[in-house]
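>>> Got a sequence here, can you build the structure:
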Amino acid sequence: MATDTDRARTDDGTVADGGTVTGGERETSRERERTGNAVVNWMENLSEAAYAYLLLLPAFALLTLIAFYPMIRTFVMSLRANQTRGLDPLGSFVGLENYVDILTGNARLARQFLDVGLTSSFPFIELGTPFFQQALFVTLAFAVISVVVETVIGFGQAYVLDQDFRGRRWVRVAIILPWAVPIVIQGMIFFLLFQPTVGFGSDLMQSLGVFSGTPLANSQDAFIIILVADIWKSSAFMALLILAGLQSVDRSLYDVARVAGASPWQRFKMITLPLVMPALLVAMLFRTMDAMRVYGLIESTAGCTTVPSLSCLVVEAMFGGTRIYATAAAVAFSTALVIGLIIGVYVLLFRDTEGGMY
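Residues are numbered from 1 along each chain as shown. Alright, predicted model coming up:
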């Protein structure tokens, strides 16, 4: 405890010895307190929407740093020419020439899949079609089919898991287990399963007249195998997100519907589906974005030369032996634009659900 001899009061009444606060420091503290109160009052007067955007500012800043800036850099790279000699892999400014080349089939990346286009007609559109469009068709077909089937299966799994029954915990583990398998391991499982000399899948499907003798070397067969592999793994992801939506539904609504005499289908149509629709759309959005970027599953199962995707085009252009970085950037940016358009469609669906369309 300080004594009177340890203190020396100044004229303005503040204590001026060591370990105490002077008048200037106290005034600074008051200024800081007033500033803090002003900030708090300003935040309290914000609307709910403005406050939500304020909280999202750090996320927006991080997204700009790790997503939008690389996208802008990719677009700038796509406007320059390929340069295979010298230290700089990019040449002079050529504008949209790379985009014209990939859309018309004049880009050199077309050579990566030339043999595939001459030996198979599916899943490609037709012979002579520009290879970017073939890869785009493969990617879109893969995304649409896989997401639709995974949504149906995932919804069924979630609907079962939402019920009370013995052993539900073990059923959940069995459903979630495929999602825990890494993509490379998943690809190798199906690669070995349909190897004619190793797995039984090739012989079984061939005996049923479904696949050829070498399904992983045939574009049509390999496309179906990759679809099945993706559905096997990703249905669990859809089931988890949809289950979260199902468990948020108020159970008393079902009791009221039963008392009113509603059938199970009517309860599903009028209660379950409308209330779970936001979670369902979120799950479909995530899966669509992931399916549009498919690469690892294709490469580890059948290879990009058999089933090309847009991501395959980018990787082959960057690391396929020729430095055509500008063309790879054009394909990558075009892929981002396609994914952006798909996200826009989902945003419109979100708006419809909030507006009461369902």
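
>>> Mind picking out the helix or strand in this structure with the poorest mean pLDDT?
helix 114-119 (a mean of 40; mean pLDDT, DSSP states H and E).

>>> residue ranges with poor pLDDT in the chain?
1-37, 39-40, 86, 107-131, 133, 321, 351-358 (pLDDT under 70).

>>> which residue ranges form the strands in it?
For the chain, the strands defined by DSSP state E cover 80-82, 90-93.

>>> and stretch 82-96, C-alpha only, in CSV?
This file holds the C-alpha atoms of stretch 82-96, laid out as CSV (Å, rounded to 0.1, in the frame of the first residue of the first chain):
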residue,chain,number,x,y,z
ASN,A,82,1.7,-19.5,-75.4
GLN,A,83,5.5,-19.4,-75.5
THR,A,84,7.2,-22.8,-75.4
ARG,A,85,10.8,-21.4,-75.6
GLY,A,86,12.7,-19.3,-73.2
LEU,A,87,12.2,-18.7,-69.5
ASP,A,88,8.9,-16.8,-69.8
PRO,A,89,6.1,-19.3,-70.6
LEU,A,90,3.8,-16.4,-71.7
GLY,A,91,4.2,-14.4,-74.8
SER,A,92,2.7,-11.1,-76.1
PHE,A,93,-0.9,-10.0,-75.6
VAL,A,94,-3.3,-11.7,-78.0
GLY,A,95,-6.7,-10.8,-76.4
LEU,A,96,-9.4,-13.4,-76.7
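
>>> centre of the chain versus that stretch, how much separation?
Counting by Cα atoms, centre = their mean, to the nearest Å, stretch 82-96 is centred 31 Å from the centre of its parent chain.

>>> any idea how far the nearest residue to residue 75 once chain neighbours are set aside is from residue 326?
Counting by Cβ to Cβ, 6 or more residues apart in numbering, residue 333 is the residue found nearest to residue 75 once chain neighbours are left out, at 5.1 Å. Quick note: C-beta positions are derived from backbone N, CA and C, even for glycine. Computed as Cβ to Cβ, to the nearest Å, the residue 333 to residue 326 distance reads 11 Å.

>>> Now do the shared contacts for those two.
residue 78 (Cβ atoms under 8 Å, 6 or more residues apart in numbering).

>>> For residue 310, which of the strands of the chain is the nearest?
Closest to residue 310 of the strands of the chain, according to Cβ to Cβ: strand 80-82, at 18.5 Å.

>>> buried residues in that closest one?
80, 82 (16 or more other Cβ atoms under 10 Å).

>>> Direction included, what does it pair up with?
Sheet pairing of strand 80-82 (DSSP bridges) gives strand 90-93 (antiparallel).

>>> What residues sit buried inside the partner strand?
residue 90.

>>> And stretch 192-210, by the same measure?
Applying 16+ other Cβ under 10 Å to stretch 192-210 flags 193, 194, 201, 202, 205, 206 as buried.

>>> how long is that stretch from one end to the other?
18 Å (Cα to Cα, to the nearest Å).

>>> roughly how far is it from the heart of the chain?
With Cα atoms, centre = their mean, you get 32 Å for stretch 192-210.

>>> hmm, who's touching that stretch?
190, 211, 212, 213, 214, 215, 216, 221, 225.

>>> one more time with 10 Å
Here stretch 192-210 makes contact (Cβ atoms under 10 Å, 6 or more residues apart in numbering) with 189-191, 211-217, 221-222, 224-225, 228-229, 301-302.

>>> buried subset of these?
By 16+ other Cβ under 10 Å, the contacts of stretch 192-210 give 189-191, 211, 215-217, 221-222, 224-225, 228-229, 301-302 as buried.

>>> Just name the closest of these to residue 151, please.
Nearest member of the buried ones among the contacts of stretch 192-210 to residue 151, counting by Cβ to Cβ, is residue 228, at 15.8 Å.

>>> Please report how far the closest one lies from residue 200.
15 Å.

>>> before we move on, what about residue 288?
33 Å.

>>> got it, and residue 235?
Taking Cβ to Cβ, one finds residue 235 at 23 Å from residue 200.

>>> likewise residue 297?
In this view, residue 297 and residue 200 are 21 Å apart by Cβ to Cβ.

>>> ok, and for stretch 80-89, which residues are buried?
Quick answer for stretch 80-89 (16+ other Cβ under 10 Å): 80, 82, 83, 89.

>>> how many neighbours does residue 137 have?
Neighbourhood size, residue 137 [other Cβ atoms under 10 Å]: 15.

>>> And for residue 322?
When neighbours are counted by other Cβ under 10 Å, residue 322 comes out with 16.

>>> Next, please give the residue ranges for the helices of the stretch 101-250 of the chain.
114-119, 131-161, 168-176, 183-193, 201-207, 219-247 (DSSP state H, counting those that start in this stretch).

>>> Which strands or helices does the last one pack on?
If I follow you right, that is helix 219-247. Helices and strands touching helix 219-247, by 3 or more Cβ pairs under 10 Å, 6 or more residues apart in numbering; DSSP states H and E, are helix 114-119, helix 131-161, helix 168-176, helix 183-193, helix 201-207, helix 273-292, helix 296-301.

>>> Angles on the backbone of residue 83, please.
phi -140, psi 110 (degrees, to the nearest 10).

>>> Tell me who's in contact with it.
Contacts of residue 83 by Cβ under 10 Å, 6+ apart are 89, 90, 91, 92, 323, 324, 325, 326.

>>> if you set the cut-off to 6 Å instead, what comes out?
Residues in contact with residue 83 (Cβ atoms under 6 Å, 6 or more residues apart in numbering) are 89, 90, 91.

>>> Also residue 291?
143, 146, 147.
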